[in-house]
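Chemist: What follows is a predicted protein model with its sequence.
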Amino acid sequence: MIERTVRLVNPKGLHARASHKLAECAQGFTCDTQLFFEGHQANAKQIMSVMLLAAPVGSALTLRCHGTDATACLDALCALIANGLGELGERAEH
């Protein structure tokens, strides 16, 4: 098992679209992948589970992966989050 803590940088945090992107990425790997935020745990492969964490921008998330492709999964998820889940070029809604 390996884990890493990352900070959410996308402007809207873990809303529906961002949660979908994260879960879709995690689903591409066979390892078990869990996401932790402020004492709550989510299965990173389940969109609703991720979205229910309701983590806002700036939140520290801990990713924990266990399985044969855990390192590749963790690297991919951390890169996705570090790149703002594809949302850094978007303007924040007022």
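Modeler: On my side now, so go ahead.

Chemist: now the strands: where do they sit in this structure?
Modeler: Using DSSP state E, the strands of the chain run over residues 2-7, 32-37, 40-43, 60-66.

Chemist: for this protein, what's the longest helix?
Modeler: The helix that spans the most residues within the chain, counting by DSSP state H, is helix 70-82.

Chemist: buried residues in that helix?
Modeler: For helix 70-82, burial by neighbour count (16 or more other C-beta atoms under 10 Å) applies to Ala70, Cys73, Leu74, Ala76, Leu77, Leu80, Ile81. Where C-beta positions appear, they are placed from N, C-alpha and C, glycine not excepted.

Chemist: Stretch 28-48 now?
Modeler: Neighbour counts over stretch 28-48 (16+ other C-beta under 10 Å) mark 29, 31-37, 42, 44-47 as buried.

Chemist: Closest one of the buried residues of helix 70-82 to Glu24?
Modeler: Leu80 (9.5 Å; C-beta to C-beta).

Chemist: from memory the closest one sits against Ala23, does it?
Modeler: No: taking C-beta atoms under 8 Å as the definition, Leu80 is not a contact partner of Ala23, at 10.8 Å.

Chemist: ok so, going back, tabulate the buried residues of helix 70-82 (CSV), appending distance to Gly58 and pLDDT.
Modeler: CSV is the format used below for these (distance: C-beta to C-beta, whole Å; pLDDT from 0 to 100):
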residue, distance to Gly58, pLDDT
Ala70, 26, 98
Cys73, 24, 98
Leu74, 21, 97
Ala76, 22, 97
Leu77, 18, 97
Leu80, 17, 95
Ile81, 12, 95
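
Chemist: Looking at the residues you listed, which one is closest to Leu14?
Modeler: Out of these, the member with the shortest distance to Leu14 (by C-beta to C-beta) is Ile81, at 9.8 Å.
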